[in-house]
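Asker: got a predicted model here, sequence first, then my questions.
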Protein chains: 2
Amino acid sequence: MPRKSAKKSRKELILDAAEELFAEHGFDGVKLRTISGAAGVDVALVNYHFGPKRDLFDAVLNRRAEVLNQVRSDALDVCIADAPNGAPSVEEIIHAYLAPMGIVQGSADEGWRHYFALVAYVNNSPEFGRDVMSQYFNPIVTRFIDALRNALPQADDEALYWGYHYLSGALTLTMADTGRLDTLSNGLAKSSDVEKGYAHMIPFIAAGFRAICAR
Amino acid sequence: MPRKSAKKSRKELILDAAEELFAEHGFDGVKLRTISGAAGVDVALVNYHFGPKRDLFDAVLNRRAEVLNQVRSDALDVCIADAPNGAPSVEEIIHAYLAPMGIVQGSADEGWRHYFALVAYVNNSPEFGRDVMSQYFNPIVTRFIDALRNALPQADDEALYWGYHYLSGALTLTMADTGRLDTLSNGLAKSSDVEKGYAHMIPFIAAGFRAICAR
DNA sequence: GTCTATACGGCGATAGAC
DNA sequence: GTCTATCGCCGTATAGAC
């Protein structure tokens, strides 16, 4: 078992290539031959390791989902533990929810950036959005909504869910990193500037939650 | 030329079918044969009317883009005209930006619902997000950002663009209507309930803009 | 257990004959 | 406008080499 930067197995190389290509072109926009070519392996090896194409797609999603959930869960634990009477502010909760995005900075691994773009694709997809997102992320999202409910005592539950929906949309468009923001703003705002994207997002979303959850 | 509900031309039937299928499965997820089958015409007729597949995709986007831009532009004009000293509030501007969504209610035409889902797909796509969205919507978006700048005098321009980015993400996920919100909330919030989705969105986004544009 | 060479049945978009 | 042909490539299966 490769502990640290041991040379990657071919199985991992396939996952890396699939991750990047699925994120950029979607499930149907990628041919298995393109993936195998990018990974430098034979086409048949993909089928050997993962079976049909759809199973490869799931394997890609699966690989980092657990890590992602753990990072978020830990961040939420910490912010609850640090808060007076265990009730962190809305800002602190949103900050914890965005914590995994810090991985993308500071890490030389491009894989996470591709993975987030893939999640953005999945989240907005009518084909996969409901089932796949629910399968991997519902438990952790529910934890965050519980924390938000606690921080906003007068919140109407329906408004809370809509608020999360807006947060989810804003976040995934940012993760998709399409470059449109750059074009629109003539380079003033850069969609690749994740740090700024997330920094502005915390007060923006927190204020939104307060606005619709006040009574 | 069919003025009102004259029977649809086969060209329009093809556009209708393509609109729905592209919205649901993305560009690569749809076969021309599926489109022609759904439209009840021969495959070759698609190529005859529109040329290659990509041109059909553009034709679908094009068809309603002008109407959409006009509706938004008119709504903005009205809200500027109605406002004291021509300076509408942030809420009023967001409301105008969401105006076209009213089309989807009150209209029996399912086409608009499919079109909005298609725009959601395009907006989040790394392949099309930058160029296609800019091509069709940059002018109108710039008008709205100008209005927002006017409503938020202390606004930093970069923050303004990020704010629009979050609005865009929240809106397109709502338009994508993936049904995830229903699953997540156990049916308490319904992603098909566009009226509620947009009603909450106005105060949510307006508060967000105020928060990051205050000094 | 890992991997490669090869093959195959099917269907993709498109163009040319009519 | 329509019908038919074409050519290439798609995902997948398998037999067998390391």
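Answerer: That came through, no problem.
Asker: give the contact list for residue A:71.
Answerer: Each residue near residue A:71 by C-beta atoms under 8 Å, 6 or more residues apart in numbering or on different chains is listed here: A:99-100, A:103. Where C-beta positions appear, they are placed from N, C-alpha and C, glycine not excepted.
Asker: please apply the same query to residue A:21.
Answerer: Residue A:21 is in contact with A:30, A:34-35, A:38, counting by C-beta under 8 Å, 6+ apart.
Asker: can you select the buried ones among the residues you listed for me in ChimeraX?
Answerer: Buried residues among the contacts of residue A:21 (16 or more other C-beta atoms under 10 Å in any protein chain shown), as a ChimeraX selection:
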select /A:30,35,38
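Asker: for the contacts of residue A:21, which one is nearest residue B:153?
Answerer: Nearest to residue B:153 among the contacts of residue A:21: residue A:30, at 47.5 Å, using C-beta to C-beta.
Asker: correct me, but the closest one touches residue A:19?
Answerer: No. Using C-beta atoms under 8 Å, residue A:30 makes no contact with residue A:19, being 10.6 Å away.
Asker: going by distance to residue B:79, which of the contacts of residue A:21 wins?
Answerer: Of all these, residue A:30 has the smallest distance to residue B:79: 44.1 Å, by C-beta to C-beta.
Asker: give me the low-pLDDT residue ranges for chain A?
Answerer: For chain A, residues meeting the criterion pLDDT under 70 lie at A:1-6, A:215.
Asker: nearest residue to the middle of it?
Answerer: The structure's chain A has its C-alpha centroid closest to residue A:116; by C-alpha atoms, centre = their mean the separation is 4.4 Å.
Asker: tell me who's in contact with the nearest residue to that residue once chain neighbours are set aside.
Answerer: Once flanking residues are discounted, residue A:116 sits nearest to residue A:175: 4.1 Å by C-beta to C-beta, 6 or more residues apart in numbering or on different chains. Counting by C-beta under 8 Å, 6+ apart, residue A:175 makes contact with A:101, A:116-117, A:119-120.
Asker: quick one, the strand or helix carrying residue A:175 and helix B:157-176 angle?
Answerer: Assessed by DSSP states H and E, residue A:175 sits inside helix A:157-176. In terms of direction (axes from the mean of the first three to the mean of the last three C-alpha atoms, to 10 degrees), helix A:157-176 departs from helix B:157-176 by 110 degrees.
Asker: quick one: residue A:46 and residue A:56 touch, right?
Answerer: Yes. The pair residue A:46 / residue A:56 is scored as a contact, 6.4 Å apart, by C-beta under 8 Å.
Asker: okay, and the common contacts of those two?
Answerer: By C-beta under 8 Å, 6+ apart, the residues touching both residue A:46 and residue A:56 are A:14, A:32, A:35.
Asker: follow-up on the earlier one: tell me which of the contacts of residue A:21 fall in helices.
Answerer: Within the contacts of residue A:21, residues falling in helices by DSSP state H are A:34-35, A:38.
Asker: those residues: which ones sit near DNA strand D?
Answerer: With C-beta under 7 Å from any atom of the strand as the criterion, those include residue A:34 near DNA strand D.
Asker: any idea which of the ones in helices among the contacts of residue A:21 is closest to chain B?
Answerer: Using C-beta to the nearest C-beta, residue A:34 comes nearest to chain B of the ones in helices among the contacts of residue A:21, at 11.9 Å.
Asker: quick check: whichever residue of chain A sits closest to DNA strand C vs residue A:14, distance?
Answerer: Nearest residue of chain A to DNA strand C: residue A:44, at 3.1 Å (C-beta to the nearest atom of the strand). Using C-beta to C-beta, to the nearest Å, we find residue A:44 at a distance of 12 Å from residue A:14.
Asker: these two: who's more crowded?
Answerer: Per other C-beta atoms under 10 Å in any protein chain shown, whichever of residue A:44 and residue A:14 has more neighbours is residue A:14, with 26 against 10.
Asker: that one touches residue A:36, doesn't it?
Answerer: Yes. Assessed by C-beta under 8 Å, residue A:14 is found in contact with residue A:36 at 7.2 Å.
Asker: give the residues shared as contacts by those two.
Answerer: Taking C-beta under 8 Å, 6+ apart as the criterion, residue A:14 and residue A:36 both touch A:45-46.
Asker: and the longest helix anywhere in chain A, does that touch DNA strand C?
Answerer: Selection of the longest helix in chain A by residue count, based on DSSP H, yields helix A:53-82. No. Helix A:53-82 stays clear of DNA strand C (C-beta under 7 Å from any atom of the strand), getting no nearer than 12.7 Å.
Asker: next, the buried residues of that helix.
Answerer: A:53, A:56-61, A:63-65, A:68-69, A:71-73, A:75-76, A:79-80.
Asker: what about the next helix or strand after that helix, distance to the chain center?
Answerer: Next helix or strand after helix A:53-82 toward the C-terminus (DSSP H and E): helix A:90-97. Chain-centre distance of helix A:90-97: 15 Å, with C-alpha atoms, centre = their mean, to the nearest Å.
Asker: so which residues on chain A come close to DNA strand D?
Answerer: Residues of chain A that fall close to DNA strand D, judged by C-beta under 7 Å from any atom of the strand: A:30-34, A:43-44, A:46-48, A:51-54.
Asker: output those as CSV; include the columns distance to residue B:146.
Answerer: What follows is the residues of chain A next to DNA strand D, written out as CSV (distance: C-beta to C-beta, whole Å):
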residue, distance to residue B:146
A:30, 40
A:31, 44
A:32, 47
A:33, 48
A:34, 43
A:43, 52
A:44, 57
A:46, 50
A:47, 54
A:48, 57
A:51, 53
A:52, 51
A:53, 46
A:54, 46
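Asker: wait, which of the residues you listed is closest to residue B:154?
Answerer: Of all the residues of chain A next to DNA strand D, residue A:30 has the smallest distance to residue B:154: 46.0 Å, by C-beta to C-beta.
Asker: look up the closest residue to the closest one, ignoring the ones flanking it.
Answerer: Among residues not flanking residue A:30 along the chain, residue A:21 sits closest, at 4.5 Å (C-beta to C-beta, 6+ apart).
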